[in-house]
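In: sequence unknown, structure follows:
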């Protein structure tokens, strides 16, 4: 069974708006990572947050982690058309699991 | 650096045929992985190799075999392809262990008719 589940499955916003996507997981983890996948391409690593961290920033990305709720969120601020892609969370514990992804469309 | 390369990019097989998907990385990573990606399912781990000479099953290993030929190369073999194996296959590599970020190849789109 899938360890990570993203919500929403699809998100459509206007350029300049913020995009928030959420990830829930089931078991204890060492860290949680977020990846981006452009259509027809492989995944690209965005950011990693360790289990003892609560928040992390990288450029326009902000990730939060709540281990008590087994959930994480990815915020992309001031979105651009180039941010259009699918976003996946991945949890690392005994195994490495990817979620089902959120498809983000940023409308110019 | 090429990163992670995969061959072929596309392949069509008939049911029962066999083939090997090739993967190579030039980042001197110890760990390598094979995933399949199906619509609405995300990525699922087929096999991984924590280091040269070792391989372990992932979430969906049935119908597949792997070979860690050397530190650079990790191949995935379908002995008798089935339509259920129609998917996009990704190879990835990372520093030792699952706690590190993974670097992905461009994928192989496989159709089994």
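Out: Everything's here; your move. Fair warning: this is a prediction, and the values are worked out from it, not measured in the lab. Residues are numbered from 1 along each chain as shown, chains lettered A, B, ... in the order given.

In: For residue A:106, grab the count of nearby residues.
Out: Look at residue A:106: counted by other CB atoms under 10 Å in any protein chain shown, it has 20 neighbours. (C-beta placed from N, C-alpha, C; glycine too.)

In: Give me the sheet partners of the strand or helix carrying it and which way each runs.
Out: Assigned by DSSP states H and E, residue A:106 belongs to strand A:102-107. Note on strand A:102-107: by DSSP bridges, its sheet partners are strand A:10-14 (parallel), strand A:85-92 (antiparallel).

In: Pick the most deeply packed of those.
Out: When those are scored by mean count of other CB atoms under 10 Å in any protein chain shown, the highest mean neighbour count falls to strand A:85-92 (a mean of 24).

In: Quick check: mean pLDDT of that one?
Out: The average pLDDT within strand A:85-92 is 93.

In: Quickly note the distance from the residue at minimal distance from the centre of chain B to residue A:84.
Out: Centroid-nearest residue in chain B: residue B:34, 2.8 Å away (criterion: CA atoms, centre = their mean). Counting by CB to CB, to the nearest Å, the gap from residue B:34 to residue A:84 is 28 Å.

In: Kindly report the same for residue A:68.
Out: 33 Å.

In: what about those two, which has more around it?
Out: Shown here are residue A:68 and residue A:84; by other CB under 10 Å, residue A:84 has more neighbours (19 against 5).

In: gap between that one and chain B?
Out: 18 Å (CB to the nearest CB, to the nearest Å).

In: wait, that residue sits on residue A:105?
Out: Yes: contact criterion CB atoms under 8 Å: residue A:84 and residue A:105 qualify, at 5.4 Å.

In: rewinding a little: between the strands paired with strand A:102-107, which gets nearest to residue A:28?
Out: strand A:85-92 (9.3 Å; CB to CB).

In: Show me what that closest one is in contact with.
Out: With contact meaning CB atoms under 8 Å, 6 or more residues apart in numbering or on different chains, strand A:85-92 is reached by A:3-4, A:6, A:21, A:23, A:25, A:27, A:29-39, A:43, A:46, A:72, A:74, A:96-104, B:42-43, B:98-99, B:102.

In: what's the closest non-adjacent residue to the residue in chain A positioned nearest to chain B?
Out: Proximity of chain A to chain B (CB to the nearest CB) peaks at residue A:42, 3.5 Å away. Nearest residue to residue A:42, sequence neighbours excluded (CB to CB, 6 or more residues apart in numbering or on different chains): residue B:104, at 3.5 Å.

In: And for the residue in chain B positioned nearest to chain A, the neighbour number?
Out: When scored by CB to the nearest CB, chain B has residue B:104 as its residue closest to chain A, at 3.5 Å. Here the count is done by other CB under 10 Å, and residue B:104 has 22 residues near it.

In: The one 5 residues further on too?
Out: Residue B:109 has 16 neighbouring residues, counting by other CB under 10 Å.

In: What is the three-state secondary structure of it?
Out: Following DSSP: H, G, I helix; E, B strand; the rest coil, the label given to residue B:109 is strand.
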